[in-house]
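1. I would like the atomic coordinates for the input below:
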Amino acid sequence: MVNWILFWSIITLPLATVIFFASKVLNIRRNKRRAVGFFHPYTNDGGGGERVLWCAVKAIQEENPDLDSVIFTGDHDASSQSLMSRATDRFGVHLLYPPKVVHLNKRKWIEEKTYPHFTMIGQSLGSVYLSWEALTKFTPLYYFDTAGYAFTYPIARLFGCKVICYTHYPTISLDMISRVHQRNSMYNNDASIARSTWLSQCKIIYYTVFSRMYGMVGSCAHLVMVNSSWTQSHIQKLWRIPERTKRVYPPCDTSGLQALPLEREVDTPKIISVAQFRPEKGHGAQLEAFSVAISKLDEDSPRPKLQLVGSCRNKSDEERLQNLKDKAVQLNINGDVEFHQNVMYRDLVRLLGGAAAGIHSMIDEHFGICVVEYMAAGAIPIAHNSAGPKMDIVLDEDGQQTGFLAQTVDEYADAILKIVKMPESDRLKIATAARRRASRFSEQRFYDDLKAAIRPIICHSS
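-> Residues are numbered from 1 along each chain as shown. Below is the predicted model of the structure:
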């Protein structure tokens, strides 16, 4: 008798669990709200991704005022009014009305520190759990992922949502797999793995399996918007839904920054760097390049100043910022380097308005909003010679150079020296051409392109 009870328990318990969750999902599907739910667990990261979020919210509010805007966030201190104020104060984006807020309690499952190993798959599977929490709390008609969590798309479809995403960069790319093949050490490929043939082979298998999974979940989106030619190329190869993939350049504050005067101080040229204090942004290389440039300065050349401007998401970023300050001391350039943390938008505009050049050093930056902001503000860009800056941004405008591309520390240092020593008339020619090119990536163009992309999904779906 006991054996039969145990047998039926083993059979019926999983079945009952499946039936329970299926009935729960079906009930939720019948009660979807007329809203667009923006899945953006970190609404305080201060980067280009957050700017896209607020501009996307504004675009939806303008295009479909009858739909509520709902933000799924793990920031417990976020409120409708505080997020609306943040969009204005930090990014200069004026929402039409405050978005509703759904607080998420399980954000730890997508945090990097939760997964010391197999971080990529851990965070991806953790996002599935987080999206389940989000959609059981509030189920919108349209699920809009603005943070790159593709593994949540099948869950959103399970809940009956139309899935829209804005993809800044692929979670895995063919370039990443290639670097492991070549055994190159980088922030996402530990030196110990790069040195080992066996570990490199294991990582190649891991990356290959993950890329197949990533392709499957990504193909669940009804509409995919990508931010650059580089991202579009990779996403089309991985997700294989080119007919549902649209390129929408991210919103850059070109109009406000273009109002700044092009003339700059020549006695102390400012070199600005605008980027979150994250490992992939390459701040250490910027300090090294600046140090090399300082060491090569002629006595009669003006001495430049480097201004690092960025936000910190967490304690790791805070520690990284402190390490950069320590490195400036070690390089004996601390007197020539300023650090500006978590600045307000008006202060960022002021700093950009005083910069002769802007430096960017992230390898394979998917787009590079900061590079466009430099150009719009009249600061000559010195950008990494890869991906977005190389393919879309730092290109000649009407035959006139718009900036510099570099890869090595020496190349960055040479570009800094060229700008510092450049006659003001030559600098103004490049800055003028760069400003014209930046107008191609305006905030208004983002609104127009995004609205055009979403119109068939939102207007013609039930």
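2. quickly note the distance from the closest residue to His94 other than its chain neighbours to Met344.
-> Of all residues not flanking His94 in the chain, Thr88 sits nearest, at 5.6 Å (CB to CB, 6 or more residues apart in numbering). Bear in mind the C-beta positions are built from the backbone N, C-alpha and C, glycine included. Going from Thr88 to Met344 by CB to CB, to the nearest Å gives 10 Å.
3. neighbour count: those two, which is higher?
-> The neighbour count for Thr88 versus Met344, taken as other CB atoms under 10 Å, is higher for Thr88 (14 against 10).
4. pLDDT at that one, what is it?
-> What the model reports as pLDDT for Thr88 is 93.
5. these two touch, right, it and Ser82?
-> No: applying CB atoms under 8 Å as the test, Thr88 and Ser82 come out as separate, 10.9 Å apart.
6. flag the shaky bits of the stretch 101-250 of the chain, pLDDT-wise.
-> Within the stretch 101-250 of the chain, the segments meeting pLDDT under 70 span 178-198.
7. okay, and the residue nearest to His94 sits in which element?
-> helix 80-91 (DSSP states H and E).
8. which residues sit against that helix?
-> 43-44, 46, 50-51, 54-55, 57-58, 71, 73, 93-95, 97-101, 253, 344-345 (CB atoms under 8 Å, 6 or more residues apart in numbering).
9. buried set for it?
-> The neighbour-count check on helix 80-91 (16 or more other CB atoms under 10 Å) flags Ser80, Ser82, Leu83, Met84, Arg86, Ala87, Arg90, Phe91 as buried.
10. wait, which of those residues is closest to Ala376?
-> Ala376 has its nearest neighbour among those in Phe91, at 14.4 Å by CB to CB.
11. can you pull the contacts of the closest residue to the closest one other than its chain neighbours?
-> Spatial nearest neighbour of Phe91, chain neighbours left out: Arg51 (4.9 Å); criterion: CB to CB, 6+ apart. Residues in contact with Arg51 (CB under 8 Å, 6+ apart) are Phe91, Val93, Pro250, Pro251, Ile369.
12. ok, now with 10 Å
-> 87, 90-93, 250-253, 345, 369, 443, 446 (CB atoms under 10 Å, 6 or more residues apart in numbering).
13. what about it, which helix or strand?
-> Per DSSP H and E: helix 48-63 holds Arg51.
14. next, count neighbours for the residue nearest to Glu288 when sequence neighbours are not counted.
-> Once flanking residues are discounted, Glu288 sits nearest to Val409: 4.9 Å by CB to CB, 6+ apart. Val409 has 19 neighbouring residues, counting by other CB under 10 Å.
15. got the confidence number for Val266?
-> 79.
16. correction: Leu26
-> 51.
17. one more: the one 10 residues further on?
-> Listed pLDDT for Val36 reads 98.
18. shouldn't it be within a helix?
-> No: Val36 sits outside any helix when classified using DSSP: H, G, I helix; E, B strand; the rest coil, being strand.
19. just the buried residues of the contacts of helix 80-91.
-> The neighbour count (16+ other CB under 10 Å) marks 43-44, 46, 50-51, 54-55, 57-58, 71, 73, 93, 95, 98-101, 253, 345 as buried among the contacts of helix 80-91.
20. the strand or helix carrying Arg212: what's the following helix or strand?
-> Arg212 belongs to helix 197-218 when assigned by DSSP H and E. Next in sequence after helix 197-218, counting helices and strands by DSSP H and E, comes strand 223-226.
21. which elements pack onto that following strand?
-> Contact analysis of strand 223-226 by 3 or more CB pairs under 10 Å, 6 or more residues apart in numbering; DSSP states H and E lists strand 140-145, strand 162-167, helix 229-239, strand 245-247, helix 443-459 as its packing neighbours.
22. out of the ones you listed, nearest to Arg264?
-> Using CB to CB, those put helix 443-459 closest to Arg264, at 24.0 Å.
23. for the closest one, what is the average pLDDT?
-> pLDDT averaged over helix 443-459 gives 94.
24. angle of it against helix 48-63?
-> Here helix 443-459 points in a direction 60 degrees away from that of helix 48-63 (axes from the mean of the first three to the mean of the last three CA atoms, to 10 degrees).
25. would you mark the buried spots in helix 443-459?
-> In helix 443-459, counting by 16+ other CB under 10 Å, buried: Glu443, Arg445, Phe446, Tyr447, Asp449, Leu450, Lys451, Ala453, Ile454, Ile458.
26. ok, which pair from these is furthest apart?
-> Applying CB to CB across the buried residues of helix 443-459, the maximum distance is between Glu443 and Ile458, 20.6 Å.
27. partners of the next helix or strand after the helix holding Thr88 in the sheet?
-> Using DSSP H and E, the helix or strand that follows helix 80-91 in sequence is strand 100-103. Using DSSP bridges, strand 100-103 pairs in its sheet with strand 68-73 (parallel).
28. average model confidence for the partner strand?
-> On average, strand 68-73 scores 97.
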